[in-house]
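1. after the sequence you'll find the predicted model.
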Amino acid sequence: MFSFDQPYREEPYSHTVEFPNLKVLEFNFTAIQLNRLNWRDYLNQPNPIAAALMAKMQIAASDRP
């Protein structure tokens, strides 16, 4: 899970360790970038973790208390 504010670019979904003639490790994963999610999609979730993570999502200044 990525919780940084910037940049908004999509981060990679894999990590590879390799030498010129040998791939040692290839790890694929799902990246969840909070700064790329719309906070309104999580507004009515009963899960308190969703409310806590909304602070790192794209919330306009006019929508903040």
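-> Arrived safely, thanks for sending. Bear in mind that the values here come from a model prediction, so they are computed numbers and not experimental data. Numbers count the residues shown, from 1 in each chain.

2. which parts of the chain are helices?
-> Ranges of helices within the chain are 48-53, based on DSSP state H.

3. below-threshold pLDDT in it: ranges please.
-> Across the chain, the ranges flagged by pLDDT under 70 are 1-2, 4, 65.

4. for it, which segments count as strands?
-> Taking DSSP state E as the test, the strands found in the chain are 14-19, 22-28.

5. ok, now which residue in the chain is the farthest from the centroid?
-> Within the chain, the residue lying farthest from the chain centre (Cα atoms, centre = their mean) is Asn21, at 32.9 Å.

6. what about it, distance to His15?
-> Here the distance between Asn21 and His15 works out to 19 Å (Cβ to Cβ, to the nearest Å). Where C-beta positions appear, they are placed from N, C-alpha and C, glycine not excepted.

7. measure the most centrally placed residue in the chain to Pro7 for me?
-> Nearest residue to the geometric centre of the chain (Cα atoms, centre = their mean): Gln33, 1.1 Å. For Gln33, the distance to Pro7 (Cβ to Cβ) stands at 10 Å.

8. got it, and Phe29?
-> Remark: distance between Phe29 and Pro7 (Cβ to Cβ) = 19 Å.
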